[in-house]
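S.K.: quick check, what structure comes out for this input:
(chains A and B)
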Amino acid sequence: METSTISRRELLKGTGALVVSFSLFGPAARALAQAAAGGGEPEAASLDSWLAVAQDGTVTVFTSKVELGTGTETALAQIVAEELDVPFSRIHMEAGDTSKTVDQAVTAASRTIERAGPQLRQAAAVGRRELVRMASEGLNVPANQLTVVDGVVSVNGDAARKLSYAELVGDKRFNVKMQTSGTGWDLKISPDVQVKNVNDYKIVGESVRRTDLPGKFTGEFTYAQDVRVPGMLHGRVVRPPVVSSKPTNVDESSIKQIPGVVKVVQDGSFVGVVAQTEWAAIQAARALKVTWSTPSTSLPANPDELYAYLKNTKSYNDQVTVNKGNPDAAFVQATKKYEATYRWPFQLHGMLAPSCAVADVRGDSVTVWSGTQGPFRTRKALSDLLHIPEKNIRVIFREESGCYGRLSPDDAPHDAVLLSRAVGKPVRVQWTRADEHGWEPKGPAQFISVRAGTDAQGNLVAWDYMERGFPWTESAVNPLLAGRQIGMKSVNPGQGNGNAGGGEAYEFENQRVVAALIPWSQDPPTPLRTSNLRAPGDLARTFASESLLDEIAADLHVDPVQFRLRYLKNNKRVTEVLVAATQAAQWKEHVPHSTPSSGAKAMGRGVSISGRDGTVTAAVAEVEVDKSNGEITVKRVTLAHDCGLIVNPDGLRNQIEGNVIQGVSRTLLEEVRFDANGVKNLDWVSYPILTYRRVPDVQIVLINRKEMPALGGGEPSTVPVPAAIANAVYDAIGVRVREVPMTPQKVQALLRSKPAAQSA
Amino acid sequence: MAQITLNVNGKSRMVDVDPTTPLLYVLRDDLELHGPRFGCGLSQCGACTVIIDGNTVRSCSYPVSSAKNKQITTLEGLGSVAHPHALQAAFIEEQAAQCGYCMNGMIMTAKVLLDKNPHPNDEEIKRALEGNLCRCGSHLRVIRAVKRAAGERVAGVLSNG
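M.R.: Residues are numbered from 1 along each chain as shown, chains lettered A, B, ... in the order given. Below you'll find the predicted structure:
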């Protein structure tokens, strides 16, 4: 798929930067770049903005949806190959370059396949229609007497009469306008074009191998961390050790003995160093003596203070997911009442590779390479930061490590442009591990109260669910860390943290589900800044709703699967996914903790469902709890998954395995610890994640719904994991863990307080 | 600055660097070898793993001066996309990664494991890889890939083992 290097040089001419370490720019890309050079990015309505056929038959697909390690690039390529009738191996994806792609919105929220899939499919269908029309003219045969196989259009019954896509349009533009509406996620392309019948699919639905993986196993793949630009210098940012404070003195003489230091950069409370080598930059950043002012704000001193703040502070936005009947009155009248609260801490995205970017600022022209989930979002943010028009800024995506939402607000480009502007040369910024743990925007903490009531017959008639959580302070329109350090102010209180998982999948007679947003500090920035972390908020919300349901089932002496099914009668897909998971796990109907184990180690099983943007899952967790020390070991998770039509079964399994493992890690181990001054766990020893020793077996059941569109698979399978574990722990030892992480200390404390009733 | 000769992937390479520089930055910045990756700089995650004289070394915390007169192998030294090593081929076969950033450490650590113990069981594989972090959760696939590589070596299906 690699093409000539001449075109690459031509393409890059005039951008002010030559990139040494990547290729894959074909003649088609050149044609498109030329089009784009006329003004801004490509137009959504032009077919040439999406597809280009080269003379060797390679089809380049242009998309602003980027590969984050979840395999979507391969899946999108399958969708195009299918619709265009070309072999998968001939598709080349050109992703995330703002000068060459249409803005399809940030790659996030498990919406790439769901939203960008149809956009690319429709464009490919228009391309195929156009190619067949051209072949019809060229062969002088009506289009309905033509067949396309592997990018060759031939006459039915006379296969020798044929024209290939390359012969028809190789290295040339289509010059076809398409009907479009909406933008970003909501962009719709040519709704009128006839697409393939799903029953004719040959490539979509196959476990095609990931195109990016071989190079990742050999060192040939180019991550953002590997981008090198001629004349490039190395930068490091020096951030305050605690909550935001200002540098009152920067002693440049403290690093004069380090050879290769180019400049110390200071702008407001932003401090950085630029050096000729990476090692000099690291040493200079460590050695630079900065005196910081006493911070003007402080963090809550401990988790209790944090949760009290969440519980007692007035919300500024209440998102009501369900409001049916009269839950308050129904609760008062209920025969049996249940109330509980649940606590979920700040957690890290924990990218294995700390943030990194290369920036080249030349006057009012900017080129940036980074792993941003939203190249256009980053372009807009850099425009606001630098006061340079967006059209003068080119953001080029290069993959970083898995980021799980962390690079929706991508900080490193902001640091890199400030340093590059200060020295007039390209600068590469690499965050340290402590920077990343300390200053990445965290997954927000949540505090959830649920109350429910049953009538005399044991029917759940009242459900009142209230989540209180923080927004994402790093919303799309707010300045990021460097911007705040140079004095920019937030323009809104932040973006909501989602609202799914509060029991809305069930039908209860009186039901209220609310997600309330609690204001959270933004200016000046604190280390507890927040953003979207995989399946934002859903793990905690589902942990609360599915735990309390399990508690009610146990109290009523009902099998928890049967209890759930009573309230899912009108929810066919959730019912089926729950049944599928329990069958695969060989679930035996039982009342939780009805046959307690007498040994030192107790086994238990728990179940949970989840729904997120149309994708539904169910999990059965099997745990072993060591009663002597409170340690929970998750032995196995069985997960059933329905995301509509499946594009790549093995890719989906890969994602589910990862989600389950990450979900177990977040449930058992992960909590950002802090005190009034800042974050305390700044490395992997103090913020442990799940390792090989504790990885469970994962059993997966995929439900493929050919009659449905393909929905998201990026996040949903991590959602039911915490509740399934909590319910399995109750089954094993008879205590309800209502706070994550479920550490041995918490389990031991609960065991000690047993059998006395646990307070809500 | 000092001129240091390194033996990397069977070739002699001269670099002119501060001798206290961790080997990782010399490999990545001076020799343009991107297999070893920066993950923490603290010897905690394993992304920077290289093999020196037959043992795994965390190159982020290993001064380049200590590598003189030693045989250094990086991920690139095992094989390429065109000619993958048996382990790399097994990782491809099992599709054993999501983002792949940690996989340098997984493969290099597995290489040393298999060199010393050609037929590890699951527990031995887990123990060997315990100190290598993966945030995406590709652990189960990595274990399968290592087992596959071990098995196929025996069967002689793949060359280059």
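S.K.: got the residues of the stretch 251-400 of chain A near chain B?
M.R.: Counting by CB under 8 Å from any CB of the partner chain, the residues of the stretch 251-400 of chain A close to chain B are A:259, A:277-280, A:282, A:350-354, A:399-400. Every residue, glycine included, has its C-beta placed from N, CA and C.
S.K.: what subset of these is buried?
M.R.: Neighbour-count burial (16 or more other CB atoms under 10 Å in any protein chain shown) applied to those gives A:Thr277, A:Glu278, A:Trp279, A:Ala280, A:Ile282, A:Gly350, A:Met351, A:Leu352, A:Ala353, A:Pro354, A:Glu399, A:Glu400.
S.K.: now, which of the residues you listed lie within strands?
M.R.: Applying DSSP state E to those, no entry is found in strands.
S.K.: how about those residues in CSV, adding pLDDT and distance to A:Arg653?
M.R.: Converted to CSV, these look like this (pLDDT from 0 to 100; distance: CB to CB, whole Å):
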residue, pLDDT, distance to A:Arg653
A:Thr277, 98, 43
A:Glu278, 98, 38
A:Trp279, 98, 42
A:Ala280, 98, 45
A:Ile282, 98, 40
A:Gly350, 98, 23
A:Met351, 98, 23
A:Leu352, 98, 21
A:Ala353, 98, 24
A:Pro354, 98, 29
A:Glu399, 98, 21
A:Glu400, 98, 24
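S.K.: ok, those vs B:Pro36, which is closest?
M.R.: B:Pro36 lies nearest to A:Ala353 out of these, by CB to CB, at 12.3 Å.
S.K.: report how many residues lie close to the residue lying closest to that closest one once chain neighbours are set aside.
M.R.: For A:Ala353, ignoring the flanking residues on the chain, the nearest one in space by CB to CB, 6 or more residues apart in numbering or on different chains is A:Ser401 at 3.7 Å. Number of residues near A:Ser401 (other CB atoms under 10 Å in any protein chain shown) recorded here: 31.
S.K.: just the one 5 residues further on next, same as before
M.R.: As a burial measure, A:Arg406 scores 29 neighbours (other CB under 10 Å).
S.K.: that one against A:Pro354, yeah?
M.R.: No - between A:Arg406 and A:Pro354 there is no contact under CB atoms under 8 Å: 10.1 Å.
S.K.: show me chain B divided up by domain.
M.R.: The record's domain split for chain B, according to automatic domain parsing, is B:2-76, B:86-155.
S.K.: now these as CSV including mean neighbour count?
M.R.: Formatted as CSV, the domains of chain B follow (neighbours: other CB atoms under 10 Å in any protein chain shown):
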stretch, mean neighbour count
domain B:2-76, 20
domain B:86-155, 22
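S.K.: and the ones you listed, which one averages the lowest pLDDT?
M.R.: Note on the domains of chain B: lowest mean pLDDT is at domain B:86-155, with a mean of 94.
S.K.: is any part of that domain close to chain A?
M.R.: Yes - interface with chain A: domain B:86-155 contributes B:88, B:91-92, B:95, B:97-104, B:107, B:125-127, B:129-141, B:143 (CB under 8 Å from any CB).
S.K.: now the closest residue in space to A:Pro441 that isn't next to it in sequence: how far from A:Leu348?
M.R.: Leaving out its chain neighbours, the residue that sits closest to A:Pro441 by CB to CB, 6+ apart is A:Ser531, at 3.5 Å. From A:Ser531 across to A:Leu348, the span is 11 Å (CB to CB, to the nearest Å).
S.K.: kindly report the same for A:Lys489.
M.R.: Distance from A:Lys489 to A:Leu348, by CB to CB: 26 Å.
S.K.: circling back: shared neighbours, A:Ser531 and A:Leu348?
M.R.: A:Lys442, A:Gly443 (CB atoms under 8 Å, 6 or more residues apart in numbering or on different chains).
S.K.: point me to the residue of the stretch 251-400 of chain A nearest chain B.
M.R.: Closest residue of the stretch 251-400 of chain A to chain B, CB to the nearest CB: A:Trp279 (4.3 Å).
S.K.: so what's the residue nearest to A:Ala353 up against?
M.R.: Contacts were defined as CB under 8 Å, 6+ apart; by that measure A:Ser401 touches A:Gly69, A:Tyr223, A:Met351, A:Leu352, A:Ala353, A:Gly371, B:Gly39, B:Cys99, B:Tyr101, B:Cys102, B:Arg135.
S.K.: nearest to A:Glu94 among those residues?
M.R.: Nearest to A:Glu94 among the contacts of A:Ser401, counting by CB to CB, is A:Gly371 at 16.2 Å.
S.K.: in contact with the closest one, which residues are there?
M.R.: So A:Gly371 contacts A:66, A:68, A:223-224, A:356-357, A:397-401, A:403, A:407, A:410 (CB under 8 Å, 6+ apart).
S.K.: dump these to JSON lines, plus secondary structure.
M.R.: Converted to JSON lines, those look like this (DSSP: H, G, I helix; E, B strand; the rest coil):
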{"residue": "A:Val66", "secondary structure": "coil"}
{"residue": "A:Leu68", "secondary structure": "coil"}
{"residue": "A:Tyr223", "secondary structure": "coil"}
{"residue": "A:Ala224", "secondary structure": "helix"}
{"residue": "A:Cys356", "secondary structure": "strand"}
{"residue": "A:Ala357", "secondary structure": "strand"}
{"residue": "A:Phe397", "secondary structure": "strand"}
{"residue": "A:Arg398", "secondary structure": "coil"}
{"residue": "A:Glu399", "secondary structure": "coil"}
{"residue": "A:Glu400", "secondary structure": "coil"}
{"residue": "A:Ser401", "secondary structure": "coil"}
{"residue": "A:Cys403", "secondary structure": "coil"}
{"residue": "A:Leu407", "secondary structure": "coil"}
{"residue": "A:Asp410", "secondary structure": "coil"}
